[in-house]
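Q: this one's sequence-less:
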């Protein structure tokens, strides 16, 4: 639940708060924010600062990124005669 967007649970926030977690997780029956904090602590779920960068463990990441840029450039040159599909965006 904490790894997903609060909006998926009907909470109009962009980030989780203790109160929002408590209210959205009806199955825990937690009455206080302190109680929710204790549950998260027991589960070893902690606050993590957002990072403004992406680190990939793939040693070929930069080469792959460059290949993507070449494909996108070639697609633009084709002026609509070809398209570039990203695998994670493809639904069959």
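A: Cool, got the structure. These figures come from a predicted structure and were not determined experimentally.
Q: residues in contact with residue 27?
A: If you count contacts by Cβ atoms under 8 Å, 6 or more residues apart in numbering, residue 27 has none. All C-beta spots, glycine's among them, are computed from the backbone N, C-alpha and C.
Q: quick one: mean pLDDT over the lengthiest helix in the chain.
A: Using DSSP state H to define each element, the chain has its longest helix at helix 61-77. For helix 61-77, the mean pLDDT works out to 89.
Q: next, give phi and psi for the residue nearest to residue 5 when sequence neighbours are not counted.
A: Spatial nearest neighbour of residue 5, excluding adjacent residues (Cβ to Cβ, 6 or more residues apart in numbering): residue 14 at 7.7 Å. Dihedral angles of residue 14 (phi, psi; degrees, to the nearest 10) stand at phi -100, psi -20.
Q: thought residue 14 was touching residue 6?
A: Yes - Residue 14 is within contact range of residue 6, at 7.1 Å (criterion: Cβ atoms under 8 Å).
Q: out of these two, which sits in the busier spot?
A: Using other Cβ atoms under 10 Å as the criterion, residue 14 and residue 6 rank with residue 6 on top: 18 against 8.
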